[in-house]
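J.: A structural model of the following input is requested.
(2 chains)
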Amino acid sequence: MPEMTMAQALNEAHRIAMQADSRVFAIGEDIGDYGGIYRVTVGLLDEFGKDRVRDTPISEAAIVGSSVGAALVGCRPILEIGFVDFVGTCWDQIINQAAKYRYLSGGKASVPLVMRMACGAGLGYGVHHSQSLEAWFTHTPGIKVVMPAFPDDAKGLLLAAVDDDDPVAFFEHKFLYTYKDAVPEGRHVVPIGKGKIRREGRDLTIVCWSRAVHWALDVAEKAATEGIECEVIDLRTLVPLDEDLIHNSVSRTNRLIVCHEACRTSGFGAEIVSRVVETSFDFLEAPPIRVAAPDIPVPNSIPLEKVYLRPESELLDAVHKLTGVRFHKLKQH
Amino acid sequence: MPKTTKKTETANNLTDRQLKEMYRRMVLIRRFEEVAFEKALAGNYANYHGAMGQEAIPVGACFDLTPEDGTMITHRGLGVPITRGVTVKDIFAGLYGRADSPTRGRIPVYHMGEPKLGVLTGTSMVGSVIPLASGKALANKLDKNNNVVISFFGDGAANRGDFHEGINLAGVWNLAIVFFCENNFYAKSMPLEKSTAGGSIIRRADGYGLPSMLVDGNDVLAVYDATKQAVARAREGGGPTFIECETYRWTPHSTAGDREFARTEEELASWKAKCPVRRLEALLLETGQASSEELNAFDEAAQREIEEAIDWVEKASDPGPEVALENVYV
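T.: Numbering: from 1, shown residues only, chains lettered A, B, ... in the order given. I've put the predicted structure just below:
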């Protein structure tokens, strides 16, 4: 199986999608001639031409709005917003237009577009280029939210997102664009709405997505040397949420950590913890723990950015804390 | 150099039948607006943003469009759906939120679309559909057809960021679209001269390099003529045109809790004197292209159609609660 970076895997997905269906087009800033600021759209302009690979002015509202308009009449746009931090400039188009036209039209219209947005910190880019804002989208009925952690899922989920008739918010962690891994050739599709157990374990469940999956896998390795077996669930999709996968895991391990890079308050981890407590309370031997960034904008100086990124270093502590907790209730076998 | 021309001449190239059809549609929209306003005030539905006095615009602009041509509508008035063939019965069904309605009771009816008739959904965010209209024109371009989009918006929307972005994009991509400003001089209570730097909406078109036309929006034939030129230019690959129609609404911004806005009785009276329906009526009678009996018959038919729609809708049933939960996703 070939190895490639996440950016290359996304590039392949574009190619496959655009070859298969002439209604698919790419639109965004610097994606054509320049090949994209993360190199995701390199070569597409040469292969598909400037009608289907469209460079735009700095006009996020028009990028999203025109993609919605085109999608409403049958096109399948893949739009790129280079930094999710910019999404405020087109927020109305996303939540009030893209998310709601299915509902408003009584089911007659749909908006089959993919909004690719780069998120995440770790490169010292500072407050307006480092945020993780998926929780804004998960709170908007009508949008699906996808966040791959590995190149094979990036390819597979982008293909699934293009095929999906609903608007999909597709988050790519900018730190992971150069992450290299095996990616199946050809039309490899990963279903939206299904998480994946990346590592099995009996002692606790770590639910995570995007870059945090890599943190969790590293921590699981370290914890294993101490005799603690962590089960790592890579959610891959936040909405619709794979609740069964989480429930099944927690019912076996009885302990839950949710780890995400985004800020703690109202992060999507709060939703997962709430649901697990609602549905799986009897299985829990300890209160769930959320490991997340502090509620701060992302500073750009490297030592300060590390404070924002402390979930990475706090995760192992959380594992220790969770497995050190004694619970008074008799364990049911 | 983009041209701005004042269009007040009437067109002589329409047949009697066509002119009478324009009248029939305008009087239907007028009677509809009167009843829609009254029924809102009576509490049958939460709100209505009336467009009484602005009937020439939907009728004139949409007269020659085919169902493949798209129109993005505003929140104000339902003249565009009506002139393009949505029945008043369906529209009242939507206003009353009934189960048997195109909107299934979920949305304010100015969001409704009827894709088969080329009526594309609107939005409450004035101006937000301008980029969408450009997007539809983009889809037409990719499809290599010569369908056209008309993007309607008001004077208020002309100050939104989406106005700038959507029009700029259509300009750089030379899209087959007509940007159509219904300037009724007030955005809710805000008069144009207090909100619009430079004092002119149409001059903004110069900035985008678009040809433009300033039109008497209460002269249905002037509206027809201007739109016909703009649509022809778009179909032939000549890109966008910007039309500004000057008109006026006789009613407040909406029925829901809006006080009458600060305009004088004189101002209202001067615009009522330019009533678009009366003007076409006068033209038809003067030229002998219609008799007053014929025109009265159109009026009576309009009132009957609306009465029947109201009779039906007042007895129609509401949607069941499950309808609220459907169609969030495909």
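J.: And for A:R264, the neighbour number?
T.: 15 (other C-beta atoms under 10 Å in any protein chain shown). For glycine as for every other residue, the C-beta is placed from the backbone atoms N, C-alpha and C.
J.: do A:Y125 as well
T.: Neighbours around A:Y125, by other C-beta under 10 Å: 17.
J.: What distance do you get for the residue lying closest to it once chain neighbours are set aside to chain B?
T.: Excluding its sequence neighbours, the residue lying closest to A:Y125 (C-beta to C-beta, 6 or more residues apart in numbering or on different chains) is A:N300, at 6.5 Å. According to C-beta to the nearest C-beta, to the nearest Å, A:N300 and chain B sit 27 Å apart.
J.: Tell me, what's the model's pLDDT at A:N300?
T.: We have a pLDDT of 84 for A:N300.
J.: So which residues of the stretch 101-250 of chain B form helices?
T.: Ranges of helices within the stretch 101-250 of chain B are B:129-143, B:161-172, B:192-195, B:203-207, B:220-235, based on DSSP state H, counting those that start in this stretch.
J.: tell me the angle of the longest one relative to helix B:161-172?
T.: Computed with axes from the mean of the first three to the mean of the last three C-alpha atoms, to 10 degrees, the direction of helix B:220-235 lies at 50 degrees from that of helix B:161-172.
J.: Can you give me the buried ones in helix B:220-235?
T.: Buried residues in helix B:220-235, defined by neighbour count with 16 or more other C-beta atoms under 10 Å in any protein chain shown: B:220-231, B:233-234.
J.: what is the orientation angle of that helix with helix B:129-143?
T.: Using the same axes, to 10 degrees: helix B:220-235 against helix B:129-143 is 50 degrees.
J.: which helices and strands does helix B:220-235 pack with?
T.: Here helix B:220-235 touches strand B:4-7, helix B:16-41, helix B:56-62, strand B:177-183, strand B:212-216, strand B:241-246, helix B:276-286, going by 3 or more C-beta pairs under 8 Å, 6 or more residues apart in numbering or on different chains; DSSP states H and E.
J.: so for that helix, what's the average pLDDT?
T.: 98.
J.: Am I right that B:H75 sits in a helix?
T.: No - remark: B:H75 does not belong to a helix; assigned using DSSP: H, G, I helix; E, B strand; the rest coil, it is coil.
J.: I figured it hits B:V109, correct?
T.: No - applying C-beta atoms under 8 Å as the test, B:H75 and B:V109 come out as separate, 10.0 Å apart.
J.: circling back to that earlier point, indicate which one of the helices and strands packed on helix B:220-235 is closest to A:N96.
T.: Closest of the helices and strands packed on helix B:220-235 to A:N96 is strand B:177-183, at 20.8 Å (criterion: C-beta to C-beta).
J.: Please see if that closest one touches chain A.
T.: No - against chain A, strand B:177-183 shows no contacts by C-beta under 8 Å from any C-beta of the partner chain, the least distance being 10.3 Å.
J.: what helices or strands is that strand leaning on?
T.: helix B:56-62, helix B:129-143, strand B:149-154, helix B:161-172, helix B:220-235, strand B:241-246.
J.: Packing partners of the fourth one?
T.: Read that as helix B:161-172. By 3+ C-beta pairs under 8 Å, 6+ apart, helix B:161-172 packs against helix A:60-72, helix B:129-143, strand B:177-183.
J.: looking at these, which is buried most?
T.: Ranked by mean neighbour count, those are led by helix A:60-72 with a mean of 30 (mean count of other C-beta atoms under 10 Å in any protein chain shown).
J.: That one - what's its average pLDDT?
T.: pLDDT averaged over helix A:60-72 gives 96.
J.: how far out from the middle of the chain is it?
T.: What separates the centre of helix A:60-72 from the centre of its chain is 22 Å, taken as C-alpha atoms, centre = their mean, to the nearest Å.
J.: After that helix, heading C-terminal, what element do we hit next?
T.: strand A:76-81 (DSSP states H and E).
J.: partners of that following strand, with directions?
T.: strand A:24-28 (parallel), strand A:114-119 (parallel) (DSSP bridges).
J.: Pull out the buried positions in that strand.
T.: A:R76, A:P77, A:I78, A:L79, A:E80, A:I81.
J.: so what's the second one up against?
T.: So that's A:P77. A:V24, A:F25, A:A26, A:I27, A:S67, A:A70, A:A71, A:L113, A:V114 (C-beta atoms under 8 Å, 6 or more residues apart in numbering or on different chains).
J.: pLDDT score assigned to whichever residue of the stretch 151-300 of chain B sits closest to chain A?
T.: Across the stretch 151-300 of chain B, no residue is closer to chain A than B:E165, which sits at 3.5 Å (C-beta to the nearest C-beta). Looking at B:E165, its pLDDT stands at 97.
J.: Find the nearest non-adjacent residue to it, please.
T.: In space, B:E165 is closest to A:A62, 3.5 Å off (C-beta to C-beta, 6+ apart).
J.: Could you double-check that B:D206 lies in contact with B:S200?
T.: No - B:D206 lies out of contact with B:S200 (C-beta under 8 Å); the separation is 9.6 Å.
J.: wait, isn't A:V145 in contact with A:D164?
T.: No - if you go by C-beta under 8 Å, A:V145 and A:D164 don't touch, sitting 11.8 Å apart.
J.: can you tell me how far B:E314 sits from A:D282?
T.: 53 Å (C-beta to C-beta, to the nearest Å).
J.: Tell me which of the two has more neighbours.
T.: B:E314 (12 against 9).
J.: could you list every residue that touches that one?
T.: Contacts of B:E314 (C-beta under 8 Å, 6+ apart): B:N44, B:Y96.
J.: and if you look at B:G199?
T.: B:L192, B:E193.
J.: Pop out the phi and psi values for it.
T.: phi 70, psi 0 (degrees, to the nearest 10).
J.: Ok, A:D164 next?
T.: According to degrees, to the nearest 10, A:D164 has phi -70, psi 140.
J.: which non-adjacent residue is nearest B:V330?
T.: Spatially, and ignoring its direct neighbours in sequence, B:V330 is nearest to A:D165 (4.1 Å; C-beta to C-beta, 6+ apart).
J.: just the angle between the helix or strand in which B:R304 is found and helix B:16-41, please?
T.: Using DSSP H and E, B:R304 sits in helix B:292-315. Angle between the axes of helix B:292-315 and helix B:16-41 is 40 degrees (criterion: the same axes, to 10 degrees).
J.: Centroid-nearest residue for chain A?
T.: Taking C-alpha atoms, centre = their mean, the centroid of chain A lies closest to A:M147, which sits 1.6 Å from it.
J.: was I right about that residue contacting A:F171?
T.: Yes - the pair A:M147 / A:F171 is scored as a contact, 4.4 Å apart, by C-beta under 8 Å.
J.: Give me the average confidence score over the helix or strand hosting A:A160.
T.: Using DSSP H and E, the element containing A:A160 is helix A:151-163. Taken as a whole, helix A:151-163 carries a mean pLDDT of 98.
J.: Off-centre distance for the worst-scoring helix or strand of chain A on mean pLDDT?
T.: Taking mean pLDDT, DSSP states H and E as the measure, helix A:101-104 is the helix or strand of chain A with the lowest mean score, a mean of 89. Put simply, helix A:101-104 sits 24 Å off its chain's centre (C-alpha atoms, centre = their mean).
J.: Other residues contacting it?
T.: So helix A:101-104 is contacted by A:68, A:72, A:109-111, A:141-142, A:166, B:103, B:106-107, B:111-113, B:121, B:327-330 (C-beta under 8 Å, 6+ apart).
J.: tally of neighbours for the nearest residue to A:P57 once chain neighbours are set aside?
T.: Nearest residue to A:P57, sequence neighbours excluded (C-beta to C-beta, 6+ apart): B:N168, at 6.2 Å. When neighbours are defined as other C-beta under 10 Å, B:N168 has 19 of them.
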